[in-house]
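Enquirer: requesting a structural model of the entry that follows:
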Amino acid sequence: MTSLHGAATSSTQSTDDSDSYISAEKLLLQKAQKDSFPEEFKSLASERPLPSNSRLASLSPEYDKNIGLIRVGGRLRHAKHMELDAIHPIVLDPQHNLTKLLIKDYDASLLHPGAERVFAELRRQYWILRGREAIKKHQYTCMDCQKWRAKPNIPKMADLPPARLRLYKPPFYSTGMDCFGPFTVKIDRRTEKRWGIVFKCLTTRCLHLDLLESLDTDAFLMSLHRFIARRGKPFELLSDNGTNFVGGDKEMRAAYEAMTPQLKEQLAEQQISFRFIPPGAPHFGGAWEREVKSVKQALKVVLKDPTVTETVLRTVLTEVEGILNAKPLGYVSSDVSDPDPVTPSILLMGRHDSSLPQVLYDSSNLLGTRRWKHSQVLAGHFWSRFIHYYLLNLQERQKWRKDGGEIGLDQVVLIVDPQLPRACWPVGKVTNIFPGLDGCTRTVEVQVHNCTYVRPVSRIVPLPKLSDDDPIEPTN
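Expert: I've put the predicted structure just below:
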């Protein structure tokens, strides 16, 4: 008897709690409607017509005396298989705090689906004016929704950097470099791997290819010495954050610091400046990344056998280098009266193609008999035609024409990592920004726990502002 009496008492208490919850919900909804539609509530409660400028006129609203709330009258009152709340939902204003809490609750209970899913569930009981707009506005400020759906804000394409505009400078004055491969070569009866390295003049588009025995620092430094011996010392080298490039920079800096003060003074003007693009931003090095693609395409056509000797591979790389240096810059006209197109070979060899004979000039020409004057005139012709027929074509922005918005300090962001599922992308705060020459920020420093990462803006997703109680941790 005691257990039965206890069960009856528990059931009665549960019923009382349910009634209290329903009564509180009605009171809150009444308060929301009186705050949002005061004139309509008074008119409908006293059975008077609505004002002519009422926002509810298209809904044919009705006053439900049983619960004291305004419902949609609508045109579905003859639907027999629908519930009363679906036929006559309760009207709410999108700007009221209660409506925002309802949207938040439905969004969380449905595990943050799309706006249409939340909208359909709300319509089964509530009619929110401009409901889709209100739901999308909430999801735009919802941390969990943005973690799964937000995209990076791509900034507008930057102006050409100084490295692309080193006019009247020797070839490879500003050089971008990258490695590609590996390739399999035959040595005696065994096979080994080799890698290619591309040096790309960022201004004149000249190309230099070499072969690496490995991807370590020593192999890169020896390749750099061969490049300097054949093409001259560059003013700056730009690359990604490959360990061989970073290691080469450290080795050269350490060697320079170990020199005597007198020797340092003599070599101070001969230093090569290393510049690295942000990690995870290959589009920052698009000038040489595109050439890597061209080299790979040419090698696929030439190398029928995937495994060749090292001598054959080195020869093919040199031939590919000559083909790409003979590639015209800009638009090629089909009119025979137009001048020949500008190619990097003109500046490197004084002719359009290595297979063509050297141009002969008569004695009446201003070239004279000195080779240096000959080369200077050829270089002058190249730069004149380079500026008139190619450089002006670089004015257009082919993509990224609109600014995606600025990233500020302490902005909460999601770091994009294509090698991980989105649920594992880390969340952090922006601790430093690096504006470009035009004032637009394209690279930021993000702190995740005790680590900092430098990432491009195109690889981070801005998130809504966190409250003080929300921890910054990777999504689960």
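Enquirer: helices of the stretch 1-150 of the chain, residue ranges please.
Expert: 2-36, 38-45, 84-87, 97-109, 115-123, 131-141, 143-149 (DSSP state H, counting those that start in this stretch).
Enquirer: return the alpha-carbon coordinates of the last one using PDB.
Expert: Once side chains and other backbone atoms are set aside, the C-alpha atoms of helix 143-149 remain, and they are given as PDB (Å, rounded to 0.1, in the frame of the first residue of the first chain):
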ATOM      1  CA  MET A 143      28.700  29.200 -33.000                       C
ATOM      2  CA  ASP A 144      27.800  25.600 -33.700                       C
ATOM      3  CA  CYS A 145      26.000  26.500 -37.000                       C
ATOM      4  CA  GLN A 146      29.000  28.500 -38.200                       C
ATOM      5  CA  LYS A 147      31.400  25.800 -37.300                       C
ATOM      6  CA  TRP A 148      29.700  23.500 -39.800                       C
ATOM      7  CA  ARG A 149      28.600  25.800 -42.600                       C
END
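Enquirer: just the buried residues of it, please?
Expert: Residues 143, 145-147 are the ones in helix 143-149 that count as buried (16 or more other Cβ atoms under 10 Å). Bear in mind the C-beta positions are built from the backbone N, C-alpha and C, glycine included.
Enquirer: picking that back up, worst mean pLDDT among the helices of the stretch 1-150 of the chain?
Expert: The minimum mean pLDDT among those belongs to helix 2-36 (a mean of 72).
Enquirer: what secondary structure does Ile197 sit in?
Expert: Secondary structure, DSSP: H, G, I helix; E, B strand; the rest coil: Ile197 is strand.
Enquirer: can you list the buried residues in the longest strand seen in the chain?
Expert: Longest strand in the chain, counting residues (DSSP state E): strand 174-187. For strand 174-187, a neighbour-count test (16+ other Cβ under 10 Å) marks 174-181, 183, 185 as buried.
Enquirer: any chance of the residues you listed in CSV, plus pLDDT and distance to Arg55?
Expert: Putting the buried residues of strand 174-187 into CSV (pLDDT from 0 to 100; distance: Cβ to Cβ, whole Å) gives the following:
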residue, pLDDT, distance to Arg55
Ser174, 91, 63
Thr175, 92, 66
Gly176, 91, 60
Met177, 90, 64
Asp178, 89, 61
Cys179, 89, 65
Phe180, 88, 63
Gly181, 82, 67
Phe183, 87, 71
Val185, 88, 77
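Enquirer: okay, and for the stretch 201-350 of the chain, where does confidence drop off?
Expert: Across the stretch 201-350 of the chain, the ranges flagged by pLDDT under 70 are 259, 262-270, 305, 331-340, 350.
Enquirer: in CSV, list the helices of the stretch 1-150 of the chain along with distance to Pro278.
Expert: Below are those laid out as CSV (distance: least, Cβ to Cβ, whole Å):
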stretch, distance to Pro278
helix 2-36, 49
helix 38-45, 56
helix 84-87, 53
helix 97-109, 35
helix 115-123, 34
helix 131-141, 27
helix 143-149, 23
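Enquirer: which one, of these, ends up nearest to Tyr168?
Expert: Checking the helices of the stretch 1-150 of the chain against Tyr168 by Cβ to Cβ gives helix 143-149 as the closest, at 49.4 Å.
Enquirer: quick one: neighbours of the closest residue to Leu215 other than its chain neighbours, just the number.
Expert: Using Cβ to Cβ, 6 or more residues apart in numbering and skipping the chain neighbours, the partner closest in space to Leu215 is Asn244 (5.2 Å). Asn244: 21 surrounding residues under other Cβ atoms under 10 Å.
Enquirer: surely Asn244 is within a helix?
Expert: Yes: the assignment for Asn244 is a helix, going by three-state DSSP.
Enquirer: what about the residue lying closest to Leu122 once chain neighbours are set aside, how many neighbours?
Expert: Counting by Cβ to Cβ, 6+ apart, Leu122 lies nearest to Tyr106, which is 5.8 Å off, once chain neighbours are set aside. Residue neighbour count, defined by other Cβ under 10 Å, stands at 19 for Tyr106.
Enquirer: swap in Lys402?
Expert: 11.
Enquirer: can you get me a residue count around the nearest residue to it once chain neighbours are set aside?
Expert: Excluding the flanking residues, the one nearest Lys402 by Cβ to Cβ, 6+ apart is Lys156, at 6.1 Å. Lys156 has 15 neighbouring residues, counting by other Cβ under 10 Å.
Enquirer: restricting to C-alpha, output the helix or strand Thr431 falls within in CSV.
Expert: Take DSSP states H and E as the rule and Thr431 turns out to sit in strand 427-435. What follows is strand 427-435, C-alpha atoms only, in CSV (Å, rounded to 0.1, in the frame of the first residue of the first chain):
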residue,chain,number,x,y,z
VAL,A,427,39.4,27.0,-33.0
GLY,A,428,41.6,29.9,-31.9
LYS,A,429,41.8,33.7,-31.6
VAL,A,430,43.6,36.1,-33.9
THR,A,431,46.6,37.6,-31.9
ASN,A,432,48.3,39.5,-34.7
ILE,A,433,47.6,40.7,-38.2
PHE,A,434,49.9,41.5,-41.1
PRO,A,435,48.4,44.1,-43.4
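Enquirer: tell me the contacts of the closest residue in space to Gly280 that isn't next to it in sequence?
Expert: Nearest-residue entry for Gly280: Arg459, 5.1 Å, with adjacent residues in sequence omitted and distances by Cβ to Cβ, 6+ apart. Arg459 sits next to 152, 280-281, 415-416 when contact means Cβ atoms under 8 Å, 6 or more residues apart in numbering.
Enquirer: same thing but 10 Å
Expert: 152, 278-281, 283, 413-418, 443-444, 446, 453 (Cβ atoms under 10 Å, 6 or more residues apart in numbering).
Enquirer: again, but for Leu92
Expert: 29, 32-33, 36-37, 69-70, 98-100, 102-103, 122, 126-129, 131, 134.
Enquirer: number of nearby residues for Leu348?
Expert: 22.
Enquirer: quick revisit: mind listing what's buried in the strand holding Thr431?
Expert: 427-430, 433.
Enquirer: how are the helices of the stretch 351-476 of the chain distributed by residue range?
Expert: 371-389.
Enquirer: so where's it shaky on pLDDT?
Expert: 351-381, 389, 466-476.
Enquirer: mind running it again at 90?
Expert: The stretch 351-476 of the chain contains residues with pLDDT under 90 at 351-411, 417-424, 433-443, 449-476.
Enquirer: can you give me the strands in it?
Expert: 412-415, 427-435, 441-448, 451-456, 460-462 (DSSP state E, counting those that start in this stretch).
Enquirer: of all those, which lies closest to Glu192?
Expert: The nearest among the strands of the stretch 351-476 of the chain, by Cβ to Cβ, is strand 451-456 at 35.0 Å.
Enquirer: neighbouring contacts of the closest one?
Expert: Counting by Cβ under 10 Å, 6+ apart, 152, 154-155, 241, 276-284, 413, 415-417, 426, 428, 430-432, 434, 441-447, 459-460 sit against strand 451-456.
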